[in-house]
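In: for reference, the sequence and a predicted model appear below.
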Amino acid sequence: MKFEIIYDDKTPIERRITVRVDSDSVEKVWREEVGKIGREVGVPGFRKGKAPARVVEGHVGRAAIWERVRDEVSRQVTNEIIRDADPAPLAPPTIEYGDSNDENTIESSKIWKPGDVLEVVITYLFPPPTPEDIERNLIKGIGAEIPDPLKPVIEGATPPGTNPPDPRAQIPGSGLDTDN
């Protein structure tokens, strides 16, 4: 399944992931679900599992098929994302569908058609970092910067437009005239 992931950490312990599943992947799941429904439901005039896809769609209704397809796509995407999540979620994620502001995505009430992109928004909570995690991230260079003990610390700000005093001026015999 091909999809694009957009991460958005809402808070330090809540992650929101927007997943845009391409049309070809949704269409593949659509065909699989129509086949499953055809084997489950008896269509008048056909043996179970032998009715053509168009007849099954007409008998069951595209809206019912779309609900199953949408749920299956979101289940597959969520499982793949949660499997690789670090740290692991504290509870099952919440799932929302579509964005009514974008004409390339589909709303939950609208039935999918070829060429449409399915947008799934997955939100879950994960545990806050432990002190050990914070220390490990500092050592790796993630987050705050570790102070360099050899780097001099300037105590006191210099007014804008002025240069700080030359430290060599305080060394006798440096050749700088400090008596001005």
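Out: Arrived safely.
In: now stretch 117-126, how far from the chain's geometric center?
Out: Distance, stretch centre to chain centre, for stretch 117-126: 7 Å (C-alpha atoms, centre = their mean, to the nearest Å).
In: flag every buried residue along it.
Out: 117-124, 126 (16 or more other C-beta atoms under 10 Å). In this view, the C-beta of every residue, glycine as well, is placed from N, C-alpha and C.
In: got the contact list for it?
Out: With contacts defined as C-beta atoms under 8 Å, 6 or more residues apart in numbering, stretch 117-126 is touched by 10, 13-23, 26, 70, 73-74, 77-78, 81-82, 85, 87-99, 102, 104-106, 112.
In: mind saving the C-alpha coords of that stretch as PDB?
Out: This file holds the C-alpha atoms of stretch 117-126, laid out as PDB (Å, rounded to 0.1, in the frame of the first residue of the first chain):
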ATOM      1  CA  VAL A 117      -7.200  10.200  -2.500                       C
ATOM      2  CA  LEU A 118      -8.200   8.800   0.900                       C
ATOM      3  CA  GLU A 119      -6.900  10.900   3.900                       C
ATOM      4  CA  VAL A 120      -6.800   9.200   7.300                       C
ATOM      5  CA  VAL A 121      -5.900  11.100  10.400                       C
ATOM      6  CA  ILE A 122      -4.500   9.000  13.200                       C
ATOM      7  CA  THR A 123      -4.100  10.500  16.700                       C
ATOM      8  CA  TYR A 124      -2.500   8.600  19.600                       C
ATOM      9  CA  LEU A 125      -0.900   9.300  23.000                       C
ATOM     10  CA  PHE A 126       2.600   8.000  23.900                       C
END
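In: quick check: mean pLDDT of it?
Out: Averaging pLDDT along stretch 117-126 yields 89.
In: which residue packs closest to E27, ignoring adjacent ones?
Out: Nearest non-adjacent residue to E27, counting by C-beta to C-beta, 6 or more residues apart in numbering: P114, 5.9 Å away.
In: give me the pLDDT value at the one you found.
Out: Model confidence at P114, given as pLDDT, is 78.
In: correct me, but it touches R31?
Out: No. Here P114 does not reach R31: they are 11.1 Å apart, not a contact under C-beta atoms under 8 Å.
In: separation between G38 and S25?
Out: Distance of G38 to S25, computed by C-beta to C-beta, to the nearest Å: 21 Å.
In: residue ranges of the helices in this protein, please?
Out: For the chain, applying DSSP state H gives helices covering 23-40, 53-60, 62-83, 131-140.
In: which one of these lies closest to R47?
Out: helix 23-40 (10.3 Å; C-beta to C-beta).
In: now the angle between helix 53-60 and that closest one, please.
Out: 70 degrees (axes from the mean of the first three to the mean of the last three C-alpha atoms, to 10 degrees).
In: heads up, I number from 246, so please use that
Out: Okay, residue one is now 246; in that scheme the one you just asked about reads as helix 268-285.
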